[in-house]
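Enquirer: Based on what follows, work out the 3D shape:
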Amino acid sequence: MSAIEKLPVDNGLLRFLTCGSVDDGKSTLIGRLLYDTKAILADTLTAIERTSQKRGMEAVDLSLLTDGLQAEREQGITIDVAYRYFSTGTRKYIIADAPGHEQYTRNMVTAASTANLAIILVDARKGVLTQTRRHSYLAHLMNIPHLIVAVNKMDLVDYDQAAFEKIRADYLDFAGKLGIEDIRFIPMSALNGDTVVERGERLGWYKGPTLLDVLETAPTAHSEKIEKFRFPVQYVCRPQDSANPELHDYRGFMGRVESGEIAVGDEVTVLPSGLATRVKAVELYGRQLTHAVSEQSVTLLLADEIDVSRGDMIVKTSEAPQPTKQIEAMICWLSEAPLDRARKYLIRHTTRDSKAMVAGIEYRVDVNTMEWVPADRLAMNDIARVAFKLAQPIFPDAYAENRAAGAFIIVDESTNNTVGAGLIV
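Expert: Residues are numbered from 1 along each chain as shown. Take a look at the predicted model:
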């Protein structure tokens, strides 16, 4: 062994979404990814091999790996999102698998909220369908920065390049009208494994990367641009330990770095008070850090005694957002009970709650045609642009600039149920 040991490559965690119409092969694609990356346990593989043989199939039916989810749906059990986890030698993955039908729009919005990449399946025989456009619109609305159009079932069109090119041209024409920019097109056969993990031998005319090649090199969340520091305070830590007088004046502000980074000595402002100070220390499980980055849960200690409580936000002074009591947002209504314009709701933005009233519904989006439709009410799965008036100020960013600080949920105070999700425009 050499004196300097080579560390394994780690490309970070990638969260991605898979979506497609019925029978586009989504289950088989997920199964193929798990199978060819050796992410299936031996007993699971033995079980699906046995089931495949009983069904008279010569090859392993990889869709069986997700059949449990389908069976639960057939029984009428509500499943918001199913998550699947796997790892290669260089990266860990979380697949968000949501049903594709229009009645499950809210499920896809939930799945897309944390994804940094979306795989949109298209059947090579059927081409771009209404559901393809709807899934693409939702992915774009949720600001997923990277889309892969996986043209599946190429084996059923004899791996014809012309069929692939027609789908590519049709999709680009549609995507250009929406303003979707980063799109990769990959022809594949999830059933046979062509260009999913292995390249295969039947798509010689395709010179681009395989699906796994793209996944392995795709940027992770928070890595593509410099983000503003946003630290919503979750808890104020004031230890009560009479035996340790050093803790008497300890006041730590605990929370999760939603975006950006912070270092000891940086000047910060606490909102809504607007008071400025500096970061005295950054702690993680009692350890002293020099800085903290996005998605780390840490404790910040400030140089001055400032009144800070749960729901406040600590930001860098040079990057402070404007507090506001009026917002406009694209919302997805999640509840079976329709939105009631006469009722008060609770808007939960990061760790801050504020009572809110609907000031107006500008329009509802027909997710099948992308048309804007006048609306006086919203039913479950509806997507609309809505204005709110708030009783207490919040400190938002536009969702297009900051997904963490630009999103909120709507809560029914009487039931404490989440009834809507919003993206600030």
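
Enquirer: hey, let's count contacts and neighbours off CA atoms from now on
Expert: OK.

Enquirer: Help me confirm that Ile48 is found in a strand?
Expert: No. Counting by DSSP: H, G, I helix; E, B strand; the rest coil, one finds Ile48 to be helix, located in no strand.

Enquirer: How confident was the prediction at it?
Expert: Looking at Ile48, its pLDDT stands at 71.

Enquirer: And it, how close does it get to Val60?
Expert: Between Ile48 and Val60 the computed distance is 7 Å (CA to CA, to the nearest Å).

Enquirer: low-scoring pLDDT stretches of this structure, where are they?
Expert: The chain contains residues with pLDDT under 70 at 1-10, 41-43, 45, 58-59, 61, 63-81, 240-248.

Enquirer: Helices of that one, start to end?
Expert: 26-36, 42-54, 67-74, 105-112, 130-141, 161-178, 211-217 (DSSP state H).

Enquirer: now the fourth one, how far from the centre of its chain.
Expert: The one in question is helix 105-112. 9 Å (CA atoms, centre = their mean, to the nearest Å).

Enquirer: Test my guess that Asn11 contacts Glu216.
Expert: Yes. Asn11 is within contact range of Glu216, at 7.3 Å (criterion: CA atoms under 8 Å).

Enquirer: okay, the two: which has more neighbours?
Expert: Of the pair Asn11 and Glu216, Glu216 is the one with more neighbours under other CA atoms under 10 Å, namely 20 against 15.

Enquirer: Looks like the more buried one contacts Leu13 (just checking).
Expert: No. Counting by CA under 8 Å, Glu216 does not reach Leu13; the two are 9.9 Å apart.

Enquirer: Need the residues touching each of those two.
Expert: Common contacts of Glu216 and Leu13, defined by CA atoms under 8 Å, 6 or more residues apart in numbering, comprise Arg91.

Enquirer: quick one on the thing from earlier: which neighbours do Asn11 and Glu216 share?
Expert: Thr90, Arg91.

Enquirer: Was I right to think Val270 contacts Phe253?
Expert: No. Using CA under 8 Å, Val270 is not in contact with Phe253; the gap is 11.1 Å.

Enquirer: tell me the centre residue of this protein?
Expert: Thr114 (1.6 Å; CA atoms, centre = their mean).

Enquirer: And it, how close does it get to Asp340?
Expert: Distance from Thr114 to Asp340, by CA to CA: 28 Å.

Enquirer: This protein - how does it break down into domains?
Expert: Using automatic domain parsing, the domain parsing of the chain gives 13-217, 230-319, 324-424.

Enquirer: how near is Ala384 to Lys207?
Expert: Distance from Ala384 to Lys207, by CA to CA: 41 Å.

Enquirer: go on, Met142?
Expert: 31 Å.

Enquirer: Just tell me which of the helices of the chain ends up closest to Ser414.
Expert: helix 105-112 (21.5 Å; CA to CA).

Enquirer: dump the residue contacts of Ala303.
Expert: Here Ala303 is in contact with Thr277, Arg278, Val279, Lys280 (CA under 8 Å, 6+ apart).

Enquirer: which residues touch the second one?
Expert: The one in question is Arg278. Contacts of Arg278 (CA under 8 Å, 6+ apart): Val264, Gly265, Asp266, Glu267, Val268, Leu302, Ala303, Asp304.

Enquirer: Any idea what the nearest residue to Ile331 once chain neighbours are set aside is bridged to?
Expert: With CA to CA, 6 or more residues apart in numbering as the criterion, Ile331 has its nearest non-adjacent residue at 4.1 Å, and that residue is Gly422. Beta bridges link Gly422 to Ile331, Phe408, judged by DSSP bridges.

Enquirer: So Gly422 versus Asp23, what's the distance?
Expert: 31 Å.

Enquirer: Tell me which of the two has more neighbours.
Expert: Gly422 (25 against 11).

Enquirer: quick one on the thing from earlier: of all the domains of the chain, which lies closest to Glu224?
Expert: Closest among the domains of the chain, using CA to CA: domain 13-217, at 9.8 Å.

Enquirer: And the closest one, end to end?
Expert: 11 Å.

Enquirer: residues in contact with Asn417?
Expert: Val411.

Enquirer: Ser354: neighbour count?
Expert: Count around Ser354 with other CA under 10 Å applied: 18.

Enquirer: ok, now Lys177?
Expert: By other CA under 10 Å, neighbour count at Lys177 equals 8.

Enquirer: distance of it from Glu362?
Expert: Taking CA to CA, one finds Lys177 at 21 Å from Glu362.

Enquirer: next one: Asp160
Expert: 45 Å.

Enquirer: One more: Tyr35?
Expert: 47 Å.

Enquirer: and what of Leu215?
Expert: In terms of CA to CA, Leu215 sits 38 Å off from Glu362.

Enquirer: List the contacts of the nearest residue to Val196 once chain neighbours are set aside.
Expert: The shortest distance from Val196 to any non-neighbouring residue, by CA to CA, 6+ apart, is to Leu211 (4.9 Å). For Leu211, the contact set (CA under 8 Å, 6+ apart) comprises Ile186, Thr195, Val196, Val197.

Enquirer: how much space between Leu211 and Val411?
Expert: Taking CA to CA, one finds Leu211 at 39 Å from Val411.

Enquirer: repeat for Arg125
Expert: Arg125 is 43 Å from Val411, by CA to CA.

Enquirer: Just checking: what are the partner strands of the longest strand seen in the chain?
Expert: Counting by DSSP state E, the longest strand found in the chain is strand 352-365. Using DSSP bridges, strand 352-365 pairs in its sheet with strand 344-349 (antiparallel), strand 372-373 (antiparallel), strand 383-394 (antiparallel).

Enquirer: List the contacts of the second one.
Expert: Around strand 372-373, the neighbours that count as contacts under CA under 8 Å, 6+ apart are Tyr363, Arg364, Val365, Asp366.

Enquirer: burial count for the third one?
Expert: Neighbour count of Val365, defined by other CA under 10 Å: 17.

Enquirer: And for it, nearest residue in space, chain neighbours not counted?
Expert: Nearest to Val365 is Trp372, by CA to CA, 6+ apart, at 4.8 Å.

Enquirer: Can you get me a residue count around the one you found?
Expert: Counted with other CA under 10 Å, Trp372 comes out at 14.

Enquirer: Check Val214 too.
Expert: 15.

Enquirer: Render the CA-only coordinates of stretch 303-322 in CSV, please.
Expert: C-alpha atoms of stretch 303-322 as CSV (Å, rounded to 0.1, in the frame of the first residue of the first chain):
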residue,chain,number,x,y,z
ALA,A,303,-21.1,38.3,19.0
ASP,A,304,-23.8,40.6,20.4
GLU,A,305,-26.8,39.9,22.6
ILE,A,306,-29.8,40.1,20.2
ASP,A,307,-33.3,39.0,20.8
VAL,A,308,-33.7,36.0,18.4
SER,A,309,-36.5,33.4,18.5
ARG,A,310,-37.9,30.6,16.4
GLY,A,311,-39.2,31.9,13.1
ASP,A,312,-36.5,34.6,12.8
MET,A,313,-34.0,34.3,9.9
ILE,A,314,-30.3,35.0,10.0
VAL,A,315,-28.8,36.2,6.8
LYS,A,316,-25.6,37.9,5.6
THR,A,317,-26.0,41.6,5.9
SER,A,318,-25.1,42.2,2.3
GLU,A,319,-27.7,39.7,1.1
ALA,A,320,-30.7,40.5,3.3
PRO,A,321,-34.2,40.0,1.6
GLN,A,322,-37.0,42.5,2.1
